[in-house]
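S.K.: sequence unknown, structure follows:
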């Protein structure tokens, strides 16, 4: 019995290295990084009660009987602009013209929006409608209270979070260092892009696709030159790679005569896991090399990226204290029948189709794990349970959403 | 009648500036950029017919009657490793041991996987099952044919695309330059993060949140210092900003006494659109300044990001020739009732909840557009049509998925 994907994930995540050290970066450079400290506010946000409208700061009680047929006149004592507080109190029968975001003057308890008023002169205005006490007023501390934990360490920093940090006055942010990920492709047939191909040779694409996937997951890739298919060449390359936080290899994990990855891993570290009941990606290998997580990914380009998504990305995220790394999984109806039956769990490259109100999952017809072009436009991996099917159009299956083309 | 969101989008997109110029970058730096050339393959991929399994290259006809009780013996003539083609032809009754990815030798038309064979000696193997002609063989050109247009200009470069480009031998990639986006916040009350607040002052957060959103959309932000609330200060800042490809301001677009953005835009360029029937974001302003698209976004932090998402991001993407900028919209049932009725289209910050097989949309209870913390954990904007509701739990509404916290 092969391990299930969940068993493999559990095994891999049960033995994580420590969370990465911290570093401090300017606010805008923190985008895409992960918070390494709890953010506790030392002030109220907003810091003062203010107007949410352009209008007049008043005492609500003064206009409680106002309407268009029975407007109520108020004396305008001045104008309060954002950034320019007034300390003059508002008395009954008085109003201050006030701009959005400006501090409410003492004595006022509401703002009547300019659209509900009629200006008579520079110092007189008519209220045409009633307002409640607190209407159009944002109380001090409405958003954040002094002492609140606003964000926890481990929170990914996306644009709105950058805005919240700016609001709190944070100009530099403590973030986790990116895990450094060594990438070694193996194979005598591999040639670097930009060099001419000889007979039987192909280009090393996995190193670059995996480096890009590492970047997208928040890690820092280090691409080594490919290792030849000898045990000693692979050993030398792995020992060079073992200085990094995570080591990825691709290729050499199957049952071929020159598949040395598992042997070298066993000799230099530990082979903890080999083969998972999934398609593509069955020969995926996991272990430790000099205390660092080691992933032996399959050589097929599609298998390499699917196993990266399911096993490597969670480790990169967890090493930055991010526990919510799961992709959204939706149950969606099939757009067309899917008749292929596999004994292994099948991760099927798919796109989404909208018809009327309904969204369908539409598997690509080419699912060969060597066919790289089958990744173009992929929006989801449809998850077909082991030994299940055939499925008809309309049958529902779980669908893991992935950012377009990841 | 205010313009609808779609009318505003159409107006904005009907008058786009030219697509950005191109530049050439190393392959891995192309991640997150957009292809600026069609990628036409000048070779077949795979470049030679090869084995998809570790096994034996044979003539399928030789083993058509093989089974476990009636194995068929073949003479092993040698081993073919990946990267090491053999030019010796395979004759009837012969086999070459072959590794995954190695070129098929002349004469062979199939590979029998090693698991279906039994080794008798170094030069004899038993076939325990039949294989079809072409079985476990990847024909030359299966993935890509010489002359194929593999990718079109305008394709976003995500990790699998990096892999495909590497496979094609492309070491440097032609990508569109990132549109340069000037960002000007307006308001006397604004103080930069890191500086102390005076009475009535708040920190400039929109410039940083918008700069982060520009980066996430593929643009290159340039944050100017905030403009004071005088017409001349705003004019001076806008003229400084007008050297960039796109100009964003935030604040100063409502009906307050110091809302000069529309006036300056009208005087120095053109005011094409003001106010859209949406919440948040109603006062959004669009026009042109010295021939460049100009967006006057509202000052409320939530409104600024929602209007960025709906109006600015599409322009940044289109300027890089990306036409598929729409987010996935799903029709999802409400997890709880949503009783707020608005005359404007309401974009409601929400998260997704899974219960059993069903995914629900769960709007946040705080929807005040000044409450920045209401962005934390947002996974979707639920779209509530104009003048509609109340909605009960289970009612379906369109839900725009956005990357977590964008």
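M.R.: The structure has been received and is ready for your questions. Please read all numbers here as calculations on a predicted model, not as lab measurements.

S.K.: tell me if residue A:313 really is in a helix.
M.R.: Yes - assessed with DSSP: H, G, I helix; E, B strand; the rest coil, residue A:313 lies in a helix.

S.K.: run a quick neighbour tally on residue A:123.
M.R.: 12 (other C-beta atoms under 10 Å in any protein chain shown). From N, CA and C alone the C-beta is placed, and that goes for glycine too.

S.K.: same deal with the one 5 residues further on?
M.R.: Residue A:128: 18 surrounding residues under other C-beta under 10 Å.

S.K.: in terms of helices and strands, where is residue A:272?
M.R.: Take DSSP states H and E as the rule and residue A:272 turns out to sit in strand A:269-274.

S.K.: ok, whichever helix or strand comes after that strand: who's next to it in the sheet?
M.R.: Using DSSP H and E, the helix or strand that follows strand A:269-274 in sequence is strand A:278-279. Sheet pairing of strand A:278-279 (DSSP bridges) gives strand A:345-355 (parallel).

S.K.: name the helices or strands packed onto whichever helix or strand comes after the partner strand?
M.R.: Downstream of strand A:345-355, the first helix or strand assigned by DSSP H and E is strand A:358-363. The helices and strands touching strand A:358-363, judged by 3 or more C-beta pairs under 8 Å, 6 or more residues apart in numbering or on different chains; DSSP states H and E, are strand A:329-333, strand A:345-355, strand A:380-384, strand B:329-333.

S.K.: how about the strand holding residue A:272 against chain B, any contact?
M.R.: No - Strand A:269-274 stays clear of chain B (C-beta under 8 Å from any C-beta of the partner chain), getting no nearer than 14.8 Å.

S.K.: and stretch A:225-236, by the same measure?
M.R.: Yes - contact of stretch A:225-236 with chain B (C-beta under 8 Å from any C-beta) involves residue A:229.

S.K.: endpoints of that stretch, how far apart?
M.R.: Using C-alpha to C-alpha, to the nearest Å, the end-to-end distance of stretch A:225-236 comes to 12 Å.

S.K.: can you pull the buried residues of it?
M.R.: A:226-229, A:233-235 (16 or more other C-beta atoms under 10 Å in any protein chain shown).

S.K.: same check on stretch A:57-71?
M.R.: Buried-residue list, stretch A:57-71, by 16+ other C-beta under 10 Å: A:57-60, A:62-63, A:66, A:71.

S.K.: pull the most distant pair out of the buried residues of stretch A:225-236.
M.R.: Farthest apart among these by C-beta to C-beta are A:226 and A:235. That separation is 14.5 Å.

S.K.: and residue A:228, what does it touch?
M.R.: A:186-188, A:234 (C-beta atoms under 8 Å, 6 or more residues apart in numbering or on different chains).

S.K.: likewise for residue A:306?
M.R.: Residue A:306 neighbours (C-beta under 8 Å, 6+ apart): A:278, A:280-281, A:347, A:381.

S.K.: between the residues you listed, which is nearest residue B:104?
M.R.: Nearest to residue B:104 among those, with distances taken as C-beta to C-beta, is residue A:280, at 21.4 Å.

S.K.: where does the closest residue to chain B within the stretch 1-150 of chain A land in three-state SS?
M.R.: As assessed by C-beta to the nearest C-beta, chain B sits closest to residue A:83 within the stretch 1-150 of chain A, at 3.2 Å. Following three-state DSSP, the label given to residue A:83 is coil.

S.K.: I figured it was touching residue B:201, is that so?
M.R.: Yes - under the criterion of C-beta atoms under 8 Å, residue A:83 makes contact with residue B:201 at 5.9 Å.

S.K.: so what sits against both of those two?
M.R.: Common neighbours of residue A:83 and residue B:201, using C-beta under 8 Å, 6+ apart, are B:189-190.

S.K.: now residue A:164: how far from chain B?
M.R.: 5 Å (C-beta to the nearest C-beta, to the nearest Å).

S.K.: ramachandran angles for that residue?
M.R.: phi -60, psi -40 (degrees, to the nearest 10).

S.K.: what about the closest residue to it other than its chain neighbours, how many neighbours?
M.R.: In space, and not counting its chain neighbours, residue A:164 is closest to residue B:372: 5.0 Å by C-beta to C-beta, 6 or more residues apart in numbering or on different chains. The tally of other residues near residue B:372 (other C-beta under 10 Å) stands at 26.

S.K.: which residues touch residue A:121?
M.R.: Per C-beta under 8 Å, 6+ apart, neighbours of residue A:121: none.

S.K.: centroid-nearest residue for chain A?
M.R.: residue A:156 (6.5 Å; C-alpha atoms, centre = their mean).

S.K.: and that one, bridged to which residues?
M.R.: residue A:34.
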